[in-house]
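Novice: Quick one: sequence plus predicted model below, questions after.
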Amino acid sequence: MDDELRQAADRMQLAIRTMQLRLARVINNCLVNQGLSLPQFQAISFLDEIGPMAMHRLSAELGVPRPTATHLVDRLVSGGLARRQSLPEDRRVVQVALEDAGREVLQQIREQFRGFIVAALGGLPPADREGLVNLAEQFSQMLVLAGEMA
C-alpha cells in the first residue's frame, strides 16, 4: 500500500469514526424520544422492510438468541407496535407482524433523523451536496463489495 492511499485511509477512518459517533448519538436521541431501544428499532425496521416473519427468522436477522428475540418481541407487543400471529397452514409457527402503531413510530424516527440530515446537508451548496451524496452512495457500495471479499 502506498503512502498516499494509507493517508487517505487514515483520514477516511477518522471521518467515519466521527460520523459514527455523532450519528449514533442522534439515532439514540430519536429512539429515546419514542421509548425504543436500538434492538427494538432494528426489529421494527426488519418487520417493515421484509414483512411478517417467524420468530426464528427475526432472531437470525437481529443476530440474537431466540429467547432474546422473544423478550424483545414481548416488549413490542405490549407497546402495541407488533403482534404475534399463527400461520394458518401451521399454527405451531408464530409470526411477528408490525402493527400500524409500529409503522407510525418508525416513520416518526425516520422523519426526525431526516431532519438532522437535512440540517447537515443544508449548509452545502447544491452541487457539493449532490457530489457528497453520490460519493457516499458509491462508498457504501464499495464497502458492501469489500465485505463480500473479506
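Specialist: Thanks, I have the structure now.
Novice: And the strands in this protein?
Specialist: When secondary structure is read from DSSP state E, the chain shows strands at 53-54, 82-87, 90-98.
Novice: Need those in CSV (columns: distance to residue 115, mean neighbour count and mean pLDDT).
Specialist: To be clear about C-beta, it is placed using only N, CA and C from the backbone, and glycine gets the same treatment. Formatted as CSV, the strands of the chain follow (distance: least, Cβ to Cβ, whole Å; neighbours: other Cβ atoms under 10 Å; pLDDT from 0 to 100):
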stretch, distance to residue 115, mean neighbour count, mean pLDDT
strand 53-54, 30, 16, 94
strand 82-87, 25, 15, 92
strand 90-98, 23, 14, 89
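Novice: Next, the contact list for the most centrally placed residue in the chain, please.
Specialist: Centroid-nearest residue in the chain: residue 42, 5.5 Å away (criterion: Cα atoms, centre = their mean). Going by Cβ atoms under 8 Å, 6 or more residues apart in numbering, residue 42 touches residue 62.
Novice: before we move on, back to that, got the strands of the chain as JSON lines, with distance to residue 60 columns?
Specialist: Formatted as JSON lines, these follow (distance: least, Cβ to Cβ, whole Å):
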{"stretch": "strand 53-54", "distance to residue 60": "9"}
{"stretch": "strand 82-87", "distance to residue 60": "17"}
{"stretch": "strand 90-98", "distance to residue 60": "13"}
